[in-house]
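**Q** Okay, structure incoming, though there's no sequence with it:
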C-alpha cells in the first residue's frame, strides 16, 4: 500500500509535523507502524473504519498515550490526513471534520 501525507496548499504536512514533534521513542513506534502498513496493508496494524464516514483510524498507543491518525484509502493509496492524541473512547467530531475537510481538499470522493 502506498502511503501519502496530506499537504495543504501552503505546503504544511500536518501529520508529518505532528510526528516530528514527538519524543524519539514514540516517533519510532509510529514510523514502524506506518512501514508495516506500507509493506503489508491495513490487516497488520490496529486500524478500523469509522462509523458514518469513509475514514479509517490508525491506533498507536505508547506510554499510555493514544495517538490516532485519520486516513482515507483510495484504491492502493492510504492518505494520512490528520493526527491527534485521543483522550476519550469516541473519536471527536472536530477531528473527523478536520480529516474530512482535508479529504475534500484532495478531491477524494469518500461517499
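**A** All right, it came through fine. The structure displayed is predicted, hence computed values, not measured ones. Residues are numbered from 1 along each chain as shown.
**Q** Test my guess that residue 19 contacts residue 29.
**A** No - when contacts are counted by Cβ atoms under 8 Å, residue 19 is not listed as touching residue 29 (10.3 Å). Just so you know, the C-beta spots here come from the backbone N, C-alpha and C atoms, and that holds for glycine as well.
**Q** More neighbours: the two, which one.
**A** residue 19 (19 against 16; other Cβ atoms under 10 Å).
**Q** Next one: residue 35 from residue 87, what distance?
**A** Per Cβ to Cβ, to the nearest Å, residue 35 is found 27 Å from residue 87.
**Q** Distance from the chain centre to the strand or helix carrying residue 19, please.
**A** Residue 19 belongs to helix 14-20 when assigned by DSSP states H and E. Offset of helix 14-20 from its chain centre (Cα atoms, centre = their mean, to the nearest Å): 10 Å.
**Q** In that helix, which residues are buried?
**A** Of the residues in helix 14-20, 14, 15, 18, 19 count as buried by neighbour count, 16 or more other Cβ atoms under 10 Å.
**Q** which residues sit in contact with the second one?
**A** Neighbouring residues of residue 15 by Cβ atoms under 8 Å, 6 or more residues apart in numbering: 5, 6, 69, 80, 81, 82, 83.
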